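Student: coordinates only, sequence not included:
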């Protein structure tokens, strides 16, 4: 048995605010563990046949959240994988319950100024369109951090390179599952 085998028994769901690296870290984590990677946002876009900004503009946030909940429920029925959730997904009590039941949840947490710098570089985030990213993130942190704190594991990532964060996540998973690094 290789040292990562115990980490491949359940889906690993990454939660956290936009810009924290759920997708980037998730891809690298999946590769390191030999697991498939799934990005909930990409899966929602594929199911809806349109981009997330288009879903928000044409159907509204409630329709997006409903589709997100259904997509995550479907993904959690499949074999173990690394799942990057959307920033608001864990806020749904139903989705959170499914993740708690079928996955190990990891809250990736980073300083808000770092996140604001990251998300301010892209224009594909409908929740910050035309707004001050730091103000939006502060409001989200206030609302979401108490719920994110329900995740099985919290990893404070700082502004580290993704491969460093992957190592931190693997160590935290091993500790959580009672495994020791060899």
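Tutor: Yes, it's here. Keep in mind that what you see is a predicted model, and the values were worked out from it rather than measured.

Student: what sits against the closest residue to residue 158 other than its chain neighbours?
Tutor: Closest residue to residue 158 apart from its sequence neighbours, by CB to CB, 6 or more residues apart in numbering: residue 110 at 6.5 Å. C-beta: built from backbone N, CA, C; applies to glycine. By CB atoms under 8 Å, 6 or more residues apart in numbering, the contact set of residue 110 is 16-17, 19-21, 156-159.

Student: out of these, which is nearest to residue 144?
Tutor: The nearest member of the contacts of residue 110 to residue 144, counting by CB to CB, is residue 17 at 6.7 Å.

Student: in space, what's closest to that closest one - neighbours in sequence excluded?
Tutor: residue 87 (5.3 Å).

Student: run a quick neighbour tally on the one you found.
Tutor: Other residues near residue 87 come to 22 when the count uses other CB atoms under 10 Å.

Student: again, but for residue 93
Tutor: 9.

Student: where does this structure have low pLDDT?
Tutor: Filtered on pLDDT under 70, the chain yields the residue ranges 1, 120-129, 179-182.

Student: would you map the strands across it?
Tutor: Secondary structure of the chain by DSSP state E: the strands cover 11-15, 37-39, 82-84, 103-109, 153-156.

Student: nearest to residue 27, of those strands?
Tutor: Nearest to residue 27 among those is strand 37-39 (5.1 Å), distances taken as CB to CB.
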